[in-house]
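In: I'll drop the sequence and a predicted model, then ask my questions.
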Protein chains: 2
Amino acid sequence: MPANMISKLLEKAVLPMDVAPTTHLNKTGGVPRTSVLRNPNMEKLQKGYLFPEISIKHEAHLKKYPDAKVISLGIGDTTEPIPSVITSAMAEYALALSTPEGYQGYGPEQGQVTLRKVIAEKVYPGMGIKGSEVFISDGAQCDIARLQMLFGPNVTIAVQDPTFPGYVDNGVIVGQTGGADEAGKYAGIAYMRCAPENDFFPDLSRVPRTDVIFFCSPNNPTGHVASPAQLRDLVDFARRNGSIIVFDSAYAWYVSEGEGKPRSIYEVPGAREVAIEISSFSKFAGFTGVRLGWAVVPDELRYADGSPVARDFDRIVCTCFNGASSVAQAGGLACLATEEGRSAVRAVVDVYKENARLLVDTFASLGKEVYGGADSPYVWVRFPGRRSWDVFAEILDKTHVITVPGSGFGPGGEGFVRVSAFNSRERVLEAAARFRKFLA
Amino acid sequence: MPANMISKLLEKAVLPMDVAPTTHLNKTGGVPRTSVLRNPNMEKLQKGYLFPEISIKHEAHLKKYPDAKVISLGIGDTTEPIPSVITSAMAEYALALSTPEGYQGYGPEQGQVTLRKVIAEKVYPGMGIKGSEVFISDGAQCDIARLQMLFGPNVTIAVQDPTFPGYVDNGVIVGQTGGADEAGKYAGIAYMRCAPENDFFPDLSRVPRTDVIFFCSPNNPTGHVASPAQLRDLVDFARRNGSIIVFDSAYAWYVSEGEGKPRSIYEVPGAREVAIEISSFSKFAGFTGVRLGWAVVPDELRYADGSPVARDFDRIVCTCFNGASSVAQAGGLACLATEEGRSAVRAVVDVYKENARLLVDTFASLGKEVYGGADSPYVWVRFPGRRSWDVFAEILDKTHVITVPGSGFGPGGEGFVRVSAFNSRERVLEAAARFRKFLA
């Protein structure tokens, strides 16, 4: 591929849509319309996306300060190159597709058998997970959508507040909710407040029973990793209520070793009957663009009628999806199958973890209340009595650093900003220096 | 990657699920259950998948004839190696991910700008399609699922009969239908019979208005490519009814050149206001395992309230999906951006087209009524007065060749079998020889 073609592929730009404002349309003039009614669930979705809104502020900032060296500690996008043991495996697999022996068409929709087994063995050692329970995917966000299609419109859901917006948005799209209120909470969803005051774990005695409980640990955005006792309480709660937990462990590789902190819900006895786990290669192997993840659906997980959830999920995977890219799967195998691969990805995780430590130390030295960062690439900083978007704007204005307003992750994030450790060491150090200079 | 690792990746095996039969469960014994009700839409899905059913018959056949050299002309899975100009581009892109300059995290959810533009220019020359209207995906099947999520449970749909089952199955999952009747037709769906008697195009005066019309040309399974007049009628019908056409052009590269047969719905004037097109790299570039496709949603396509369909689809792509694998996109660009790439994929298509011609000739020489094959990798053979599954079984028993029973594509496929041209020339010739010998 010519070098200019590669560089074009690296463009981050998004093509703007060229759609005329709908307010200027009418039936007698302008663009003709179909008679198809817009999906009412799509109408319920709140208009302001978090990250596009940040992009708009970013662009406005660049207009105001054309020479500013803006550093993004905003969106959680990986920046470190992928270790060559992994990219070589992808390249080798791709090249082999040009040979009669190496060519492969459709793989199994559920993923390559070897990769499924390796994930079961290496990510869930001693937890009794079988390869047949691991469904390979193109990432955790896509699995959230597929799980919400699986559950359908009639289930009730609970989410942490704050949390990754994908659980809620996909629930809105499939019709699980009513509209949103002024604070941004959708009717019909149980929001479980997770704040420093409750050690980022809800008072379960005050949480209503729901069919499904989405729970992310290490949490995005707070960076909090649930303790063994907290996860035991969560599993007990689900078992008492007959609920299904969807445990998002996309950041599990950031959990420090040797401190007994859980990386998987399946470390808790009794979880197999009540929990699905979703995870991803994005944040530990830098696969944000390569796209690879997985979902674990244990055989024992059953609906009220006794039918296995895995059987319906298998049907969803075969009907709504057709397997993750075989090239990405070759890369995923290289991450996990050998000690060389596992060490290489751990080294990359350590870079981001050290970045996070530097950021935590910086905010702590400024006297800020700071959370996360120890077992997570996200640092969660409190600005008591202030609005998240105001703090975001002030930080951007004073330091030319992009962060994320905590309120973008739910009403419970108000008063916080999330600072991401996903950037080069050099830029993180520069950002830290600016914070010390201008936020003191 | 060690050779044994690659060979493991090539395993086609599917891990069987280890779920106990639900009939043996009860509340006092066996596996404990959650209280979550199974999604009623999932319950509506008919149990027998077509291709798993064929696999079961295949295995039974191997038990009966352990030495049989079975040839699969069943599932439409590509077998020819991918031209090296394409795999080299993927390999190069993958290796560059290990360098600071070549590393890329999240790409735009809608796909790389350059690839979107190249598809607009090279696949839709002179049709006024813009790059911003092209949404890159991981394949047409996945786009069908996303489109059905977009439309939601309240729309009505029409499908060709017979057709690819994905349109209907995804409609059932999102709740557009009632249950299925004995013939396999779901309540609420308009089935448009497409048979030799009507030149594989429905009598539109007898088709009820629906919100959405799924239409596949060249059709899977009949191999029929709609004529310009037929597509004009379809677009007129949609415009009169205010319907949205979802035009599946996954087999467009099989349409013979210079005969005026349409490859895209956008060759028809007026289609931009009423049609979405979905397509795929799977069948022309051998990307069945690599996973890459696209959807075109023109700016002019509007809901009844005047809001652009593209805006909601963009939201679906950003919320339920996170972009196709960047490595696959590098391969897609290599297919289309240069004449070298385009010639290389055309050469592969020609191999399958010649296979199809050989199969058509074979069945014609046997006095069979045979359709398709000229502009499609599928050959559609009629066995009047017989059941598709009986013919499938007889062909398998007499010739050790796997085909697909036409009834698997809808009630209108009864009495036909689909024979796929996706196999090596050698095997297709061998299958043809067996047909001549045993089906005469």
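Out: Noted; the coordinates are in hand. It should be emphasised that the depicted structure is a prediction, and the values quoted were computed from it without experimental measurement.
In: care to break chain A down by domain?
Out: A:50-77+A:341-438, A:84-338 (automatic domain parsing).
In: at which residues are the helices of chain A located?
Out: Secondary structure of chain A, counting by DSSP state H: helices at A:3-9, A:40-44, A:50-64, A:84-96, A:113-123, A:140-151, A:166-174, A:228-241, A:282-285, A:309-320, A:326-336, A:339-365, A:388-399, A:425-438.
In: who in the stretch 151-300 of chain A is up against chain B?
Out: A:151-155, A:166, A:169-170, A:173-175, A:211-212, A:238, A:241-244, A:273-274, A:286, A:288-291, A:299-300 (Cβ under 8 Å from any Cβ of the partner chain). All C-beta atoms are positioned from the backbone trio N, CA, C, and that covers glycine.
In: check the burial of the closest residue in space to A:Arg33 that isn't next to it in sequence by counting its neighbours.
Out: Spatially, and ignoring its direct neighbours in sequence, A:Arg33 is nearest to B:Arg302 (4.0 Å; Cβ to Cβ, 6 or more residues apart in numbering or on different chains). Residues near B:Arg302, counting by other Cβ atoms under 10 Å in any protein chain shown, number 28.
In: got it, and A:Arg311?
Out: Each residue near A:Arg311 was counted by other Cβ under 10 Å, and the total is 17.
In: equivalent analysis for A:Arg209, please.
Out: Using other Cβ under 10 Å: A:Arg209 sits among 15 other residues.
In: pLDDT at the closest residue to it other than its chain neighbours, what is it?
Out: Closest residue in space to A:Arg209, ignoring its immediate chain neighbours: A:Asn241 at 4.2 Å, by Cβ to Cβ, 6+ apart. On pLDDT, A:Asn241 comes in at 97.
In: so who does A:Asn241 touch?
Out: The neighbours of A:Asn241, taking Cβ atoms under 8 Å, 6 or more residues apart in numbering or on different chains as the test, are A:Arg209, A:Thr210, B:Ser35.
In: check A:Gln230 too.
Out: Listed by Cβ under 8 Å, 6+ apart, the contact partners of A:Gln230 are A:Asp199, A:Phe201.
In: most tightly packed of the domains of chain A?
Out: Among the domains of chain A, domain A:84-338 has the highest mean neighbour count (mean count of other Cβ atoms under 10 Å in any protein chain shown), at a mean of 22.
In: can you give the distance of that one from its chain's centre?
Out: In terms of Cα atoms, centre = their mean, to the nearest Å, the centre of domain A:84-338 is set 10 Å apart from its chain centre.
In: rewinding a little: let's have the contacts of A:Asn241 in JSON lines, adding distance to B:Asp375 and pLDDT.
Out: As requested, the contacts of A:Asn241 are exported to JSON lines (distance: Cβ to Cβ, whole Å; pLDDT from 0 to 100):
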{"residue": "A:Arg209", "distance to B:Asp375": "57", "pLDDT": "98"}
{"residue": "A:Thr210", "distance to B:Asp375": "52", "pLDDT": "98"}
{"residue": "B:Ser35", "distance to B:Asp375": "53", "pLDDT": "97"}
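In: just put those residues in TSV and tack on distance to B:Gly126.
Out: TSV is the format used below for those (distance: Cβ to Cβ, whole Å):
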residue	distance to B:Gly126
A:Arg209	59
A:Thr210	53
B:Ser35	58
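In: which of those residues lies closest to A:Ile136?
Out: Checking those against A:Ile136 by Cβ to Cβ gives A:Thr210 as the nearest, at 28.1 Å.
In: list the contacts for that closest one?
Out: Here A:Thr210 is in contact with A:Val155, A:Thr156, A:Ile157, A:Ala158, A:Ala190, A:Asn241, A:Ser243 (criterion: Cβ under 8 Å, 6+ apart).
In: what about those residues, which are in strands?
Out: A:Ile157, A:Ala158, A:Ala190 (DSSP state E).
In: would JSON lines of these with pLDDT be doable?
Out: Written out in JSON lines, the entries for the ones in strands among the contacts of A:Thr210 read as follows (pLDDT from 0 to 100):
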{"residue": "A:Ile157", "pLDDT": "98"}
{"residue": "A:Ala158", "pLDDT": "98"}
{"residue": "A:Ala190", "pLDDT": "98"}
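In: of all these, which comes closest to A:Tyr371?
Out: Nearest to A:Tyr371 among those, with distances taken as Cβ to Cβ, is A:Ala158, at 21.7 Å.
In: B:Cys142 is nearest to which of the helices of chain A?
Out: That would be helix A:309-320 among the helices of chain A, by Cβ to Cβ, at 6.8 Å.
In: and the closest one, what does it pack against?
Out: strand A:134-137, helix A:140-151, helix B:40-44, helix B:140-151, helix B:166-174 (3 or more Cβ pairs under 8 Å, 6 or more residues apart in numbering or on different chains; DSSP states H and E).
In: whether the last one contacts chain A - can you check?
Out: In this case it means helix B:166-174. Yes - using Cβ under 8 Å from any Cβ, helix B:166-174 reaches chain A at B:Gly166, B:Asp169, B:Asn170, B:Ile173, B:Val174.
In: in chain A, which helix or strand is least confident?
Out: Sorting the helices and strands of chain A by mean pLDDT, DSSP states H and E puts helix A:3-9 at the bottom, at a mean of 55.
In: can you pull out the strands in the stretch 151-300 of chain A?
Out: Using DSSP state E, counting those that start in this stretch, the strands of the stretch 151-300 of chain A run over A:157-161, A:189-193, A:212-216, A:244-248, A:275-280, A:293-296.
In: dump the third one to CSV, keeping only the CA atoms.
Out: Meaning strand A:212-216. Provided in CSV are the C-alpha atoms of strand A:212-216 (Å, rounded to 0.1, in the frame of the first residue of the first chain):
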residue,chain,number,x,y,z
VAL,A,212,-31.0,-6.8,34.5
ILE,A,213,-28.2,-5.0,36.4
PHE,A,214,-25.4,-3.4,34.4
PHE,A,215,-22.2,-3.1,36.5
CYS,A,216,-18.8,-2.0,35.3
